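Enquirer: Sequence and computational prediction follow.
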Amino acid sequence: MDSPLPILALSAVAITGAATVFPKLNARLALSRAKHRSLTGHSKMSRMVARLVPFYEFGIDDFFRSDGAPAEVALQRQDGFFKLAALYKERFPEGRQMTLQAAEKISDLQFTEAYRVPFQYSRLVREHLGTSAFMASSAGVTVTDPDGNMFYDLTGSYGVNIFGNDFYKECIAKAAARAHALGPVLGSYHPVITDNVARLCAISGLDEVSFHMSGTEAVMQAVRLARYHTGRSHLVRFAGAYHGWWGDVQPGVGNPISPHETYTLADTSEKTLHVLKTRRDIACVLVNPLQALHPNAGAPADSALVDSSRKGHFDRAAYGEWLKALRDVCTERGIVLIFDEVFVGFRLAVGGAQEYFGVRADMVTYGKSLAGGLPVGVVCGRKDLMRRYRDDRPVDICFARGTFNSHPYVMTAMDEFLTRLGDPTFRSVYDGLDETWNTRARQLNERLAARDLPVRVANMSSIWMVQYTEPSRYNWMLQYYLRAEQLALSWVGTGRLIFSLNYTDADFAEVADRFVTAAEKMKRDGWWWRDAALTNKAIRRQILKEMITRRRSR
């Protein structure tokens, strides 16, 4: 009779192996469950899908009836399109010519011009509705282009412009005068930096400060410090959130190489909290508070506006509760909680998102508006997290430097900004801020609804986005009607409208009038025609069919 010992030994090995494998398998499954179901939550899949999408474009016939509109509606749209093109040609000749010339040598401009609308329509739009990338001057809440056209400014300078163009021009002018004696001397600090540091620590509620050249660099350093001090490898970012263009925080489309130390998880999800509670390799969690307006969705650019499924809704209380739960888990697990306030810092409250939501972070990054209109990045953090070396291991350091860090002109402009921000009279701009902008958004929505226009706005204070109530493949056209009414938009179109806080009721009333007028003209020209069969799902199926047909014909 054979001894049972070899069998028992093998069984023991199997059990030990299962005990080793199953926890890893469970952890992997938990990680998968915590990812958002959309492509924004699956970076590898999004990159694969992006490689599969073939290029195709609509000719003059299909351009105006890609949604199956009847011939008379297509003709109505075509007439409207070319009337708008004639208006652009007449009104913006110099700016358009300058843009065409500049685009030959500026790769950034080539990209933004090509991706204002879904790629199927891009060529004809660029040929006939080319926009001007140039502005010549600003005043109050307006900007003026090289052709002398004055626009109400809804660009917000990508988040820089919180208090109005004149405010920042004053900061820069006074800063230049104050820094002139030292000039662009780098390496040494301008004396004003001591005041800046003290005020930043007071505003952030944190201990130390590090200066950088951009918001992207500030986030890079915050993550690097978190990894250094925790000894852990991975960062957690939330699906759709933007933290600059560097590799670790842009794991999907747009990054040629997929990072290996990044977890992209679902925002506002209990399953995400479970992952944070159970994994041991997470160094930090990055939060961009702007995501509260559209959790788990990317920046709402019109280049991806293929149907009417884009939605936004802001619930301050609910997002605040989520951040508190996130704070508790990070504290429990020794994970560094980083608020990336490069975009929203000082727009929501003097103390930023920490004050606005009532949640304290371990590190906060600032940028954009903080330097009074000049480029800057700042990291504020706990003393133990900001240290870049170890006393007991002198060669084990966390290096970060930059030639233009603490540039004298930037530091004096920052001092001008912070001095104004510290003035109690100036701070009154924040009184009733949410109520003011929520009321304005509600009033505009009521006007749009009363005129049976399929357009609505969603807002997070003074940051707005446009969404649509009826299925359509042509919502991206609204940006061109808005520009015709001389409302200045950023290149992402209606996905992001950013108001400076110096908009008066009269200023906003003029913007609202122009917005409604633009929507009425777009409806008049037939772009929002639809029949009962035209649903968002039907539109997406039609696009998929077009892509399959295109791939088969190659």
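Expert: Structure's in. What do you need? Keep in mind that this is a model prediction, so the values were computed, not measured.
Enquirer: use CA for all of it now, contacts and neighbours both
Expert: OK.
Enquirer: quick one: average pLDDT of the helix or strand harbouring Asn459?
Expert: Following DSSP states H and E, one finds Asn459 within strand 455-460. Mean pLDDT, strand 455-460: 98.
Enquirer: SS state for Leu235?
Expert: strand (DSSP: H, G, I helix; E, B strand; the rest coil).
Enquirer: Run through the bridge partners of it.
Expert: Thr262, Cys284 (DSSP bridges).
Enquirer: returning to what we had before: pull up the pairing partners for the strand holding Asn459, direction included.
Expert: Here, using DSSP bridges, strand 455-460 pairs with strand 463-468 (antiparallel).
Enquirer: Asn502: neighbouring residues, count only.
Expert: Using other CA atoms under 10 Å, Asn502 is surrounded by 17 other residues.
Enquirer: can you pull the contacts of it?
Expert: Residues near Asn502 by CA atoms under 8 Å, 6 or more residues apart in numbering: 140-141, 163-164.
Enquirer: isn't Asp400 right up against Val223?
Expert: Actually, residue 400 is Ala. It isn't Asp. No. Counting by CA atoms under 8 Å, Val223 is not a contact partner of Ala400; they are 11.7 Å apart.
Enquirer: quick one: which of those two has more around it?
Expert: Legend: neighbour count by other CA under 10 Å for Ala400 and Val223, higher for Val223 (24 against 13).
Enquirer: what's the helix or strand for the more buried one?
Expert: Using DSSP H and E, Val223 falls in helix 215-230.
Enquirer: List the buried residues for that helix?
Expert: Neighbour-count burial for helix 215-230, counted by 16 or more other CA atoms under 10 Å, picks out 215-230.
Enquirer: before we move on, what about stretch 494-511?
Expert: 494-503, 508, 511.
Enquirer: out of these, which one sits closest to Gly59?
Expert: Thr494 (24.8 Å; CA to CA).
Enquirer: how close does that closest one sit to Gln78?
Expert: Between Thr494 and Gln78 the computed distance is 22 Å (CA to CA, to the nearest Å).
Enquirer: Please look at Phe417 and Lys368 and confirm they touch.
Expert: No. Assessed by CA under 8 Å, Phe417 is found out of contact with Lys368, at 11.5 Å.
Enquirer: now the buried residues of stretch 494-511 as a markdown table including pLDDT?
Expert: Formatted as a markdown table, these follow (pLDDT from 0 to 100):
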| residue | pLDDT |
| --- | --- |
| Thr494 | 96 |
| Gly495 | 95 |
| Arg496 | 96 |
| Leu497 | 97 |
| Ile498 | 97 |
| Phe499 | 98 |
| Ser500 | 97 |
| Leu501 | 97 |
| Asn502 | 96 |
| Tyr503 | 97 |
| Phe508 | 98 |
| Val511 | 98 |
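Enquirer: can I get these in JSON lines with secondary structure and distance to Arg388?
Expert: Output for the buried residues of stretch 494-511, formatted as JSON lines (DSSP: H, G, I helix; E, B strand; the rest coil; distance: CA to CA, whole Å):
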{"residue": "Thr494", "secondary structure": "helix", "distance to Arg388": "42"}
{"residue": "Gly495", "secondary structure": "helix", "distance to Arg388": "39"}
{"residue": "Arg496", "secondary structure": "coil", "distance to Arg388": "37"}
{"residue": "Leu497", "secondary structure": "strand", "distance to Arg388": "39"}
{"residue": "Ile498", "secondary structure": "strand", "distance to Arg388": "37"}
{"residue": "Phe499", "secondary structure": "coil", "distance to Arg388": "39"}
{"residue": "Ser500", "secondary structure": "coil", "distance to Arg388": "37"}
{"residue": "Leu501", "secondary structure": "coil", "distance to Arg388": "38"}
{"residue": "Asn502", "secondary structure": "coil", "distance to Arg388": "41"}
{"residue": "Tyr503", "secondary structure": "coil", "distance to Arg388": "43"}
{"residue": "Phe508", "secondary structure": "helix", "distance to Arg388": "48"}
{"residue": "Val511", "secondary structure": "helix", "distance to Arg388": "49"}
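Enquirer: So which of the residues you listed is the closest to Ala34?
Expert: Gly495 (26.9 Å).
Enquirer: circling back to that earlier point, between the contacts of Asn502, which has the most around it?
Expert: Highest count within the contacts of Asn502 by other CA under 10 Å belongs to Val141, 23 neighbours.
Enquirer: List the contacts of that one.
Expert: 152-153, 164-165, 500, 502-503, 507.
Enquirer: How about Tyr474?
Expert: 306-307, 527-528.
Enquirer: Just the ones of these in helices?
Expert: Using DSSP state H, no member of those falls in helices.
Enquirer: Any chance of JSON lines for those, columns distance to Arg279?
Expert: Formatted as JSON lines, the contacts of Tyr474 follow (distance: CA to CA, whole Å):
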{"residue": "Val306", "distance to Arg279": "38"}
{"residue": "Asp307", "distance to Arg279": "38"}
{"residue": "Trp527", "distance to Arg279": "50"}
{"residue": "Trp528", "distance to Arg279": "49"}
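Enquirer: low-scoring pLDDT stretches of the stretch 1-150 of the chain, where are they?
Expert: By pLDDT under 70, the weakly predicted segments of the stretch 1-150 of the chain are 1-21.
Enquirer: before we move on, back to that, Throw the contacts of Asn502 into JSON lines and include distance to Thr272 and secondary structure, thanks.
Expert: Formatted as JSON lines, those follow (distance: CA to CA, whole Å; DSSP: H, G, I helix; E, B strand; the rest coil):
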{"residue": "Gly140", "distance to Thr272": "44", "secondary structure": "coil"}
{"residue": "Val141", "distance to Thr272": "41", "secondary structure": "coil"}
{"residue": "Phe163", "distance to Thr272": "36", "secondary structure": "coil"}
{"residue": "Gly164", "distance to Thr272": "39", "secondary structure": "coil"}
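Enquirer: from those residues, which is closest to Ala103?
Expert: Looking across the contacts of Asn502 and measuring by CA to CA, the closest to Ala103 is Val141, at 27.5 Å.
Enquirer: Distance-wise, check that closest one relative to Thr504.
Expert: Val141 is 9 Å from Thr504, by CA to CA.
Enquirer: So His274: helix, strand or coil?
Expert: Quick answer, by three-state DSSP: His274 is helix.
Enquirer: And the pLDDT for it?
Expert: 97.
Enquirer: how many other residues sit next to it?
Expert: 16.
Enquirer: List the residues that contact it.
Expert: With CA under 8 Å, 6+ apart, His274 has these contacts: Ala30.
Enquirer: Also the one 4 residues further on?
Expert: By CA under 8 Å, 6+ apart, the residues touching Thr278 are Ala27.
Enquirer: Please enumerate the helices of the stretch 151-300 of the chain.
Expert: 165-179, 193-204, 215-230, 270-278 (DSSP state H, counting those that start in this stretch).
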